[in-house]
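K.L.:
coords please:
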Amino acid sequence: MNQIFDDINEFPRDSVIYLYGAGAGGQSLYKTIKSERKDITVLGFIDDFKSGVLDGLKLLTLQKAAETEFDLIVISSIHQAKLERILIDAGISRYAAAGMGLVNVFTNQPSISSNEVDCFYSSVRKETDNLFYELDIDTINPLDIVKEVEAYNIGWDISGLIQSVDLKNIF
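P.N.:
Model prediction:
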């Protein structure tokens, strides 16, 4: 990935951008930019499956957007790796991605602090430790399971993270 913006203030000042992805992530990111970074001009959404107008912005194909003047295409979808490959194949090098630290664009909720994450993992660990104790399982790190589920939810492919565990045989 060229660059990942984890904070709205990391976007270049006065930039002219397209948001690649017109789903919940793109729409949420657009609203955040509109309210917090009035210096940024969003020209429209790039989407391969939608056309027309969304939130007052044009929906364009990548080919049409590439024919216009812009500073950056910001990937605002959970399919970041796939969209990055499409951009590279199209010869577009001016792109970045909206990171998870920016805004949790997939649930429309603000990002949570690392302290809140630590508290969450502690409570999850306690609950899963109790469950694993009841099931007489002592070889699995419950956080590995939580991390795999979390990674899956944000589109990362980490299959095989806990390959040695066959959960079907537990129950």
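
K.L.:
Might you list the low-confidence residue ranges for the chain?
P.N.:
The chain contains residues with pLDDT under 70 at 1, 100-171.

K.L.:
and if we set it to 90?
P.N.:
Applying pLDDT under 90 to the chain picks out residues 1-8, 23-28, 32, 48-51, 76-81, 98-171.

K.L.:
Can you show me the helices along it?
P.N.:
24-36, 62-66, 80-89, 114-134, 142-153 (DSSP state H).

K.L.:
Show me what the second one is packed up against.
P.N.:
Helices and strands in packing contact with helix 62-66 are listed as strand 41-46; criterion 3 or more CB pairs under 8 Å, 6 or more residues apart in numbering; DSSP states H and E. Heads up, the C-betas are built off the backbone N, CA and C, glycines and all.

K.L.:
Pull up the pairing partners for the strand it packs on, direction included.
P.N.:
strand 16-20 (parallel), strand 57-60 (parallel) (DSSP bridges).

K.L.:
Dump the shortest one to CSV, keeping only the CA atoms.
P.N.:
Extracted in CSV, the C-alpha atoms of strand 57-60 (Å, rounded to 0.1, in the frame of the first residue of the first chain):
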residue,chain,number,x,y,z
LEU,A,57,-21.3,13.3,-5.5
LYS,A,58,-20.9,11.5,-8.9
LEU,A,59,-20.3,7.8,-8.9
LEU,A,60,-17.7,7.0,-11.5
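
K.L.:
Identify all contacting residues around that strand.
P.N.:
With CB atoms under 8 Å, 6 or more residues apart in numbering as the test, strand 57-60 has contacts from 18, 22, 30, 42-47, 50-53.

K.L.:
Make a ChimeraX selection of whichever of those turn out to be buried.
P.N.:
Buried members of those can be picked out in ChimeraX with the line below, counting by 16 or more other CB atoms under 10 Å:
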select :18,22,30,42,43,44,45,46,47
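
K.L.:
mind putting the contacts of strand 57-60 in a markdown table, distance to residue 62 included?
P.N.:
Shown next, in a markdown table, are the contacts of strand 57-60 (distance: CB to CB, whole Å):
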| residue | distance to residue 62 |
| --- | --- |
| 18 | 9 |
| 22 | 12 |
| 30 | 17 |
| 42 | 16 |
| 43 | 13 |
| 44 | 11 |
| 45 | 11 |
| 46 | 5 |
| 47 | 9 |
| 50 | 13 |
| 51 | 13 |
| 52 | 16 |
| 53 | 18 |
